[in-house]
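Engineer: Structure of the sequence below:
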Amino acid sequence: MKFNAFALILSCMILSTGQLDAQIKTPAPSPSAKIMQTVGMTDFTVAYSRPSKKDRVIFGTLVPYGEVWRTGANQATKVSITNDIKVEGKELKKGDYALFTKPGKTSWEVHFYEHTTSSAGGYKTATPAAVVNVTPKMANVTKETFEISFANLTDEGGHMVLSWENVEVPIKLGVNSKEMAMKSIEKTLAGPSNGDYYAAGSYLARVGGDDEKALKYIRMATESDDPKFWQVKAESEMLAKMGKHKEAVAKAKQSLELATKADNKDYIRMNTANIAKWAKM
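Structural biologist: Numbering: from 1, shown residues only. I've put the predicted structure just below:
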């Protein structure tokens with residue numbers, strides 16, 4: 001009897017724990033969504049929630065005119081931008097923004113706040129990074145579920161479009177694709193930088209196997225108009241490794257001079273020690 005009573009108590013405890021752990025799952029009234037769009041050479045990512053009309057009058061009633069709206073549901077809508085852009089002609093730095101709007105019959109205000117919290121209520125006293133005015137348009141069809149999309153894409157811009165009920169709000173975006181493309185072209189056609197040559201040479205020096213090639217790449221960095229003290233030190237150490245101690249000392253002295261000008265005590269100490277060691281060889 002004692003065993004049966006203990007088993008009964010244990011069974012009740014297991015059932016009770018199971019009930020606590022169980023979670024009821026149902027469809028979200030305003031499901032979350034994420035859209036990523038490349039405009040020119042800039043990526044836009046929008047994370048937001050999508051409420052539905054459900055036979056309600058939206059603008060002017062559910063979403064009042066003249067009041068700030070979270071532009072979606074649940075958490076603050078988040079817009080992430082990978083490069084500096086222009087919104088309706090106003091500059092907006094790359095980064096993450098919370099998107100709010102103030103709907104009106106003939107004009108909407110669009111507010112971009114630096115994203116600091118997912119709570120829509122966390123921006124009541126914040127100052128927007130940018131505020132622009134946009135003219136809404138009447139749509140030909142009624143959209144049941146709120147949607148943020150991108151349209152009219154070109155190399156230099158496009159529109160981020162807010163759509164719900166029979167209203168569309170196109171927000172003009174401008175990107176600097178030509179400027180970014182030209183910088184990429186010029187950098188590529190100019191060839192590897194000093195840093196690229198140094199990275200290649202120092203890697204080969206570290207893994208071993210081709211000292212001549214490692215020295216060649218390091219020298220392509222140090223023989224430039226602006227050699228760095230750490231690059232010249234790497235050249236001196238490569239020369240010493242190859243048994244060229246006289247040349248290594250000369251390069252160590254050059255690195256020491258550069259390090260002294262930069263007031264880098266670590267490299268002053270290391271070069272001084274190397275010079276003393278290699279001078280004896």
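Engineer: list the contacts for residue 74?
Structural biologist: Contacts for residue 74 (C-beta atoms under 8 Å, 6 or more residues apart in numbering) come out as 30, 32, 49, 120. (Glycine included, C-beta is placed from N, CA and C.)
Engineer: please redo it, this time with the cut-off set to 6 Å
Structural biologist: Counting by C-beta atoms under 6 Å, 6 or more residues apart in numbering, residue 74 touches 30, 49.
Engineer: quick one, helices of the protein?
Structural biologist: Taking DSSP state H as the criterion, the chain carries its helices at 2-21, 177-190, 194-207, 211-222, 229-241, 245-262, 265-278.
Engineer: ok, what's across the strand from residue 99?
Structural biologist: Here residue 99 sits in beta bridges with residue 77, residue 112, going by DSSP bridges.
Engineer: shouldn't it be in contact with residue 71?
Structural biologist: Yes. The pair residue 99 / residue 71 is scored as a contact, 5.1 Å apart, by C-beta atoms under 6 Å.
Engineer: Can you work out which residues contact both of those two?
Structural biologist: residue 77.
Engineer: Compare those two (neighbour count), which wins?
Structural biologist: Under the criterion of other C-beta atoms under 10 Å, the comparison of residue 99 against residue 71 puts residue 71 first, with 26 against 23.
Engineer: Isn't residue 83 up against residue 93?
Structural biologist: No. The criterion here is C-beta under 6 Å, and residue 83 misses it with residue 93 at 9.1 Å.
Engineer: who has more neighbours, the two?
Structural biologist: residue 83 (17 against 12).
Engineer: What is the burial count for the closest residue to the more buried one other than its chain neighbours?
Structural biologist: Residue nearest to residue 83 in three dimensions, not counting chain neighbours: residue 42, with 4.3 Å by C-beta to C-beta, 6 or more residues apart in numbering. By other C-beta under 10 Å, 21 other residues sit near residue 42.
Engineer: same check, this time on the one 3 residues further on
Structural biologist: Summarising burial for residue 45: neighbours were counted as other C-beta under 10 Å, giving 14.
Engineer: Quick check: the gap between it and residue 105.
Structural biologist: Separation of residue 45 from residue 105 (C-beta to C-beta, to the nearest Å): 31 Å.
Engineer: do the same with residue 38
Structural biologist: The gap separating residue 38 from residue 105 is 34 Å, by C-beta to C-beta.
Engineer: next one: residue 144
Structural biologist: Computed as C-beta to C-beta, the residue 144 to residue 105 distance reads 22 Å.
Engineer: go on, residue 52?
Structural biologist: As judged by C-beta to C-beta, residue 52 and residue 105 stand 23 Å apart.
Engineer: neighbour-wise, which of those two wins?
Structural biologist: residue 52 (16 against 11).
Engineer: now the end-to-end length of stretch 77-86.
Structural biologist: This stretch, stretch 77-86, spans 19 Å end to end (C-alpha to C-alpha, to the nearest Å).
Engineer: residues in contact with it?
Structural biologist: 42-48, 71, 92-94, 96-97, 99, 115, 173-175.
Engineer: Could you do stretch 193-210 as well?
Structural biologist: Contacts of stretch 193-210 (C-beta under 6 Å, 6+ apart): 213-214, 217-218, 220-221, 224, 231, 234, 238.
Engineer: again, 10 Å this time
Structural biologist: 187, 191-192, 211-228, 230-231, 234-235, 237-238, 241 (C-beta atoms under 10 Å, 6 or more residues apart in numbering).
Engineer: And that stretch, what's buried?
Structural biologist: Using 16 or more other C-beta atoms under 10 Å as the test for burial, stretch 193-210 gives 194, 197-198, 200-202, 204-205.
Engineer: Where does the prediction get shaky in the stretch 1-150 of the chain?
Structural biologist: Applying pLDDT under 70 to the stretch 1-150 of the chain flags residues 1-22.
Engineer: How are the strands of it distributed by residue range?
Structural biologist: 32-39, 42-49, 77-81, 85-87, 90-92, 95-102, 108-114, 130-134, 137-154 (DSSP state E, counting those that start in this stretch).
Engineer: Just tell me which of these ends up closest to residue 269.
Structural biologist: Closest of the strands of the stretch 1-150 of the chain to residue 269 is strand 95-102, at 41.5 Å (criterion: C-beta to C-beta).
Engineer: list the buried ones in that closest one?
Structural biologist: 97-102.
Engineer: What angle do strand 42-49 and that strand make with each other?
Structural biologist: Calculated by axes from the mean of the first three to the mean of the last three C-alpha atoms, to 10 degrees, strand 95-102 forms an angle of 50 degrees with strand 42-49.
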